[in-house]
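S.K.: A structural model of the following input is requested.
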Amino acid sequence: MRVKNENLHAIITSSYLHVILTISILLVISYYPIFHADFIWDDDMVLLQNPLMRSFSGLQKIWFSTQVIDYYPLTYSSFWIEYQLWGFWATGYHCVNLLLHAINALLLFVIFRQLKIPFPGFAAILFAIHPINVQSVAWITERKNVLCMFFFGLCVWQFLTFETNQRLKHYWLSLLFFVFSLLSKSAVIMFPLLIWCYHFWQKKRFLRRDFLLSMPFFYVSAIMGCISLWFQTYRAIGETIVRNDSIISRWVNGVFALGFYVQKSLFPINQSFVYPINDTQFPLHMTLPGLIIIIVFVIYCIFKRSYGGMFGFGVIFFCCFQSWVLWISIL
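M.R.: Presented below is the predicted three-dimensional model:
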C-alpha cells in the first residue's frame, strides 16, 4: 500500500511539474512583448498621477476613504507597494500581472482535478494562453482581474478541500480568501449561489447544512455588493448619463452580451480593449424564446449525471458571474 501511495504521489507530482513547465514556457513566449510595454490609458490616473500612491497616508485612504473610484483596496494596495519598489518602471507591474496569471492557470488545474473534470492540464494551458485574457494581463490597471481570480482560485480550492475532508480550517480559509477576492474586485460576488448549485450538482439535493455553510458567504457578498454599488453610483459614474434606452432594451442587450462573450471565447478574433455598445434593437419576442430554451436545457443538464450535470453547472457558473456586471449595466 505504501509503495502504491508513493507511486501515486510521484505521478501527481510529475503531472504538476509538467503543467507548470508548459505554462511557464508558453506564457513567456506568448507575453514576451509586455516586458517592453509601457503604461497605457488610465494607468496614469490610477497609478502614476495618483497622489494616494506617494505616501503612507495614501495607503490608509485607499482602505478608509471614498477618494478612490472603485473600492478595490487590495488591488490599490498592491499598486501602492509596487510604486514604492519600482515607481515608473512599467516592466515590474507587468511581471507581477504575468506571475499572477500563471498562478491562476495552475489553480485552475488544481480545481479541475478536484472536480474530476477531464483534461485539466489542457484546460489550464488553454486558459493561460487564451487571447481573451491578454487585456487583464497586459494592461496594468486590470491587475484587479488577475488578483481577484488569484484569491478566488484559493477560495474555491480550499472550499473543495473542505468538502472532501470536512476540516473547518479549510472552510474558514475559503471564506477569508473570498473576502480578499472581493476586496480586489467585486466580480465574484455571485459565488454563494454557485455553492448551492455545486451541492445540488454533486448530491442532487440541497440540505440544511449546505444552506448554513453558504450563509457567511452571502453576508460578505451583501456587504461588499452594497459598497460596490455605492462606489459605482457616486464615484465611478456620478451624475453622468451612461444609457438612456428602455429597461427592456437593456435586458435584451444583456442576453446579447452573454452570447457575445461566448462567441469571443470560442472565436477570439477581431479583439478589442473596448467594444461599442450594441445599438441593434432586438424585439423581445425574438430573444425570450431562445432564453427559455437555454434555461430549460441547463436545468435538464443539471439533473443528468456525469458530463451532462457538469456542463449544466459550467453554464450556470458562467451566467452567474456575468450577471453581476450585466445587472449593474441593466440598471
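S.K.: Okay, domains of the protein per the record?
M.R.: The domain map for the chain lists 2-240, 247-331, with the assignment taken from automatic domain parsing.
S.K.: Quickly compare those and say which is most buried.
M.R.: Mean neighbour count, computed with mean count of other CB atoms under 10 Å, is highest for domain 2-240 among the domains of the chain, reaching a mean of 17. Any C-beta I mention is one placed from the backbone N, CA and C, and that applies to glycine too.
S.K.: Now do that domain, average pLDDT.
M.R.: Domain 2-240 carries an average pLDDT of 84.
S.K.: I'd like the distance from it to the chain centre, please.
M.R.: 6 Å (CA atoms, centre = their mean, to the nearest Å).
S.K.: what's the answer for stretch 256-265, then?
M.R.: Going by CA atoms, centre = their mean, where stretch 256-265 is centred and where its chain is centred differ by 16 Å.
S.K.: Let's see it as PDB, backbone CA atoms only.
M.R.: Extracted as PDB, the C-alpha positions of stretch 256-265 are listed here (Å, rounded to 0.1, in the frame of the first residue of the first chain):
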ATOM      1  CA  PHE A 256     -27.000  39.500 -26.400                       C
ATOM      2  CA  ALA A 257     -23.900  40.300 -24.300                       C
ATOM      3  CA  LEU A 258     -23.800  36.800 -22.900                       C
ATOM      4  CA  GLY A 259     -23.800  35.300 -26.400                       C
ATOM      5  CA  PHE A 260     -21.100  37.800 -27.400                       C
ATOM      6  CA  TYR A 261     -18.900  36.700 -24.500                       C
ATOM      7  CA  VAL A 262     -19.300  33.100 -25.600                       C
ATOM      8  CA  GLN A 263     -18.500  34.000 -29.200                       C
ATOM      9  CA  LYS A 264     -15.300  35.800 -28.300                       C
ATOM     10  CA  SER A 265     -14.300  32.900 -26.000                       C
END
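S.K.: can you tell me the average pLDDT over it?
M.R.: For stretch 256-265, mean pLDDT rounds to 74.
S.K.: when you give positions from now on, start the count at 119
M.R.: I'll keep to 119 as the first residue from here, and by that count the last item is stretch 374-383.
S.K.: Now name the helix or strand holding residue 387.
M.R.: Assigned by DSSP states H and E, residue 387 belongs to no helix or strand.
S.K.: And for the one 5 residues further on?
M.R.: Assigned by DSSP H and E, residue 392 falls within no helix or strand.
S.K.: Next, it: phi, psi?
M.R.: Main-chain torsions, residue 392, degrees, to the nearest 10: phi -130, psi 130.
S.K.: list the contacts for residue 184?
M.R.: Contacts for residue 184 were tallied using CB atoms under 8 Å, 6 or more residues apart in numbering; they are 349, 352-353.
S.K.: mind listing the helices for the stretch 219-368 of the chain?
M.R.: 238-247, 252-256, 261-283, 286-302, 309-321, 326-349, 365-384 (DSSP state H, counting those that start in this stretch).
S.K.: So which of these is nearest residue 148?
M.R.: helix 238-247 (5.0 Å; CB to CB).
S.K.: Which secondary structure elements does that closest one sit against?
M.R.: Judged by 3 or more CB pairs under 8 Å, 6 or more residues apart in numbering; DSSP states H and E, helix 238-247 is in contact with helix 120-148, helix 208-232.
S.K.: Redo those as CSV? Include distance to residue 255.
M.R.: As requested, those are arranged in CSV below (distance: least, CB to CB, whole Å):
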stretch, distance to residue 255
helix 120-148, 9
helix 208-232, 5
